[in-house]
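Enquirer: Below are the sequence and a predicted model for it; my questions follow.
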Amino acid sequence: MSGFGHYALFTSHALSLWGAAAALLAFLYRDERYLRSAIRAIYAVALLVAAATGVLALSLIRDDFTIRYVWEYSRRSQPLIYKLTALWGGMSGSLLFWAMLLALFSALAVTLNRRNNWKILPFTTLVLLLSLGFFLFLLTFKANPFDLLTDAAGNVLRDAALVDGNGMNPLLQNIYMAIHPPTLYFGYVGFTIPFAFVLATLAHGERNAFWMRSARNWAMFCWLSLGVGNILGAYWAYIELGWGGYWAWDPVENASFMPWLTGTAFLHSFLMQEKRGVFRYWNVFLIVVTFLLCIYGTYLTRSGILQSVHAFGRQDSSLPWYFQMGNIFLGFMAMMALLSVGLVLRRRGTLKAGHALESAGSRESMFLYGNLLFSLITFVVLFGVTSPIF
């Protein structure tokens, strides 16, 4: 089981790199053969990562404690529902679940848009495969959920019958553990799709409006998932931890609140772009910030840079700075931010509004004020969450 998981992750990572290269060639040379190869790579990665996720879930159910992750987050007496939810109860398992959702969402987005948005698919698949490649790199080389359990001398324990697992944290053994994290992940992961659509539209200089409907529908789904996930998480924290309220300025809870704020602003102003051709700069800014805030939330959870009841990772100062988990996340965020800024500068002429705002009290102006308000709230929350780092 462990061997199959390892091979599936290594193969899917290699396929994501090839797919990204093929998508880049398809964008540069307008060659549909490369695009078809990139799309097939997405399908293959989705199949392999889904299979790897199924193997890890089966290992948790079967109490295969030869796998370290199973030993850390499950035990024989643990109820079946919490054995399954242990899949996203730790860092490597949650990253695998994230990668599976991203691969499946990418395959679905490509399938649904092959007919009407074929012209922007080269760069769309490039962004999706770069994101997939990043998470698969983490799974393959930094947090592999299929690493085997070893004893103090470093010898692999081959007999699962000799050991019992540590089990999941009792605070996590709550029915909301089965609902809250997946719901949040649907929103976190799903915002990659409208982000890829917007960047692809800039890269290709496409003016066809059909992509807007696809981006809006994905953004609406993600916004709804994040909203429901935040409400469920707040109630779970209230009944489980006894914080005395639904919110206690926990950095990870606020990290999931910030993309919901910018996603709300994006949905509103995106409607105005569809109807009146305004707020194009705003929409690019909001979707880029929303995507980066989703990655920022995973950075806070897995880097160990802030203390939180949700935190998975710990800082490891023994590793080189460039191979520490938090710095890898920051590098990916910087790469996507620079890519976005470069495309905006390249296509700034196409982002000019179709017409000016009529007056300070017009409907468009009201949407602008809403964007400013949501952006201000997001900045305040971001400053409050990040300031302890400094």
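Expert: Looks like it arrived, so ask away.
Enquirer: So which residues of the stretch 51-200 of the chain form strands?
Expert: Assigned by DSSP state E, counting those that start in this stretch, the stretch 51-200 of the chain shows no strands.
Enquirer: what about it, any weak spots by pLDDT?
Expert: Segments of the stretch 51-200 of the chain classed as low confidence (criterion: pLDDT under 70) are 152-154, 158-162.
Enquirer: Quick one: the helices in it, in order.
Expert: Assigned by DSSP state H, counting those that start in this stretch, the helices in the stretch 51-200 of the chain fall at 68-73, 80-85, 91-112, 121-137, 180-190, 192-204.
Enquirer: Also compute the angle for the third one relative to helix 192-204, please.
Expert: For helix 91-112 against helix 192-204, the angle by axes from the mean of the first three to the mean of the last three C-alpha atoms, to 10 degrees is 50 degrees.
Enquirer: Make CSV from the helices of the stretch 51-200 of the chain and add distance to residue 260 and mean neighbour count to it.
Expert: Heads up, the C-betas are built off the backbone N, CA and C, glycines and all. Conversion of these to CSV gives the following (distance: least, C-beta to C-beta, whole Å; neighbours: other C-beta atoms under 10 Å):
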stretch, distance to residue 260, mean neighbour count
helix 68-73, 28, 25
helix 80-85, 23, 18
helix 91-112, 18, 22
helix 121-137, 20, 26
helix 180-190, 7, 23
helix 192-204, 14, 26
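Enquirer: With distance to residue 373 as extra columns, can I get the ones you listed in CSV?
Expert: As requested, the helices of the stretch 51-200 of the chain are exported to CSV (distance: least, C-beta to C-beta, whole Å):
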stretch, distance to residue 373
helix 68-73, 41
helix 80-85, 37
helix 91-112, 30
helix 121-137, 29
helix 180-190, 21
helix 192-204, 22
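Enquirer: Give me the neighbour count for residue 34.
Expert: By the measure other C-beta atoms under 10 Å, the count of residues near residue 34 is 21.
Enquirer: tally of neighbours for residue 320?
Expert: Around residue 320 there are 7 other residues, counting by other C-beta under 10 Å.
Enquirer: if I look at it, how far off is residue 295?
Expert: To residue 295, residue 320 is 22 Å away according to C-beta to C-beta, to the nearest Å.
Enquirer: ok, now residue 98?
Expert: Separation of residue 98 from residue 295 (C-beta to C-beta): 10 Å.
Enquirer: Likewise for residue 116?
Expert: Per C-beta to C-beta, residue 116 is found 28 Å from residue 295.
Enquirer: sorry, back to before: specify the stretch among the helices of the stretch 51-200 of the chain that is closest to residue 304.
Expert: Nearest to residue 304, of all the helices of the stretch 51-200 of the chain, is helix 91-112, at 9.9 Å by C-beta to C-beta.
Enquirer: Test my guess that residue 198 contacts residue 285.
Expert: No. With contact defined as C-beta atoms under 8 Å, residue 198 does not reach residue 285; the gap is 10.1 Å.
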